[in-house]
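Chemist: Sequence plus the predicted model coming up.
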Amino acid sequence: MSSTVSEVKRGRKESHVWDHYIKEPLDSGHYTAKCHYCIQTWSRGRPEILKSHLALYCKEVPLAIKSEYMEMLAIGSTSTNRKQKLDTDSSAAEIDADKKDRIDQALIRYFVCCGIPFSTVNHPYFIDFVQSLCFAYNPPKRSSLSTTILNKETAIVLKKIKEELKYEEDLTLGNLF
Ligand SMILES: [Zn+2]
């Protein structure tokens, strides 16, 4: 058999997150992951989860890397959603990605701040209520509400806190001179 040009090109941005993990291939084509910095392991490493770990949960990761991934988490998903928007533009029944992001964010704030159990997001009455307001919106599954969307919101809030602190620091320095 002669060699073909089927070799997959490396270096997609997505895969950079793996620089911080030790990966072991699985038969399924996925990888197990072990954090470089702490003892956490995953039986199947997904980039989304691995990014969240660095940004929010890892206690040993260097601060510079943590900040980088927090930034990515807070702003990252909007850019990937833009592609989706082009595909769905033609269908009037679809909701655009930016709007869905905005609704997801409002939803998670309401759930977290009022202490409402995430399990109720898939209750038929809740879905009926939401879709009677906006038919095209599908509430997220309980699992993505408690992981992806919550992580993103946490990153946004932490980023804002950091900016506020930076602002106050600048003010304090400003007062000195
Ligand atoms: Zn870790």
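Modeler: All right, it came through fine.
Chemist: what about residue 129, is that helix, strand or coil?
Modeler: helix (DSSP: H, G, I helix; E, B strand; the rest coil).
Chemist: do you know how far residue 59 is from the ion?
Modeler: As judged by CB to the ion, to the nearest Å, residue 59 and the ion stand 7 Å apart. All C-beta spots, glycine's among them, are computed from the backbone N, C-alpha and C.
Chemist: Read off the pLDDT value for the closest residue to that residue other than its chain neighbours.
Modeler: Once flanking residues are discounted, residue 59 sits nearest to residue 38: 6.1 Å by CB to CB, 6 or more residues apart in numbering. Here the pLDDT value assigned to residue 38 is 96.
Chemist: All further residue positions should be reported with the first residue as 22.
Modeler: From this message on, residue numbering opens at 22, which makes the last subject residue 59.
Chemist: Next, residue 59: phi, psi?
Modeler: Dihedral pair for residue 59: phi -130, psi -170, per degrees, to the nearest 10.
Chemist: surely it meets residue 83?
Modeler: No - applying CB atoms under 8 Å, one finds residue 59 not in contact with residue 83, separated by 11.8 Å.
Chemist: Now tell me what touches stretch 83-91 from outside.
Modeler: 38, 41, 58, 72, 75-77, 79, 176, 179-180, 183 (CB atoms under 8 Å, 6 or more residues apart in numbering).
Chemist: so where do the strands sit in this protein?
Modeler: 42-46, 52-56, 62-63 (DSSP state E).
Chemist: which stretch among these comes nearest the ion?
Modeler: strand 52-56 (3.2 Å; CB to the ion).
Chemist: Could you list every helix and strand that the closest one packs against?
Modeler: strand 42-46, strand 62-63 (3 or more CB pairs under 8 Å, 6 or more residues apart in numbering; DSSP states H and E).
Chemist: Does it reach the ion?
Modeler: Yes - using CB under 5 Å from the ion, strand 52-56 reaches the ion at residue 56.
Chemist: Tell me which of the strands of the chain is the most buried.
Modeler: strand 52-56 (a mean of 18; mean count of other CB atoms under 10 Å).
Chemist: Switch the helices and strands packed on strand 52-56 over to TSV; also include distance to the ion and mean pLDDT.
Modeler: Shown next, in TSV, are the helices and strands packed on strand 52-56 (distance: least, CB to the ion, whole Å; pLDDT from 0 to 100):
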stretch	distance to the ion	mean pLDDT
strand 42-46	9	94
strand 62-63	10	95
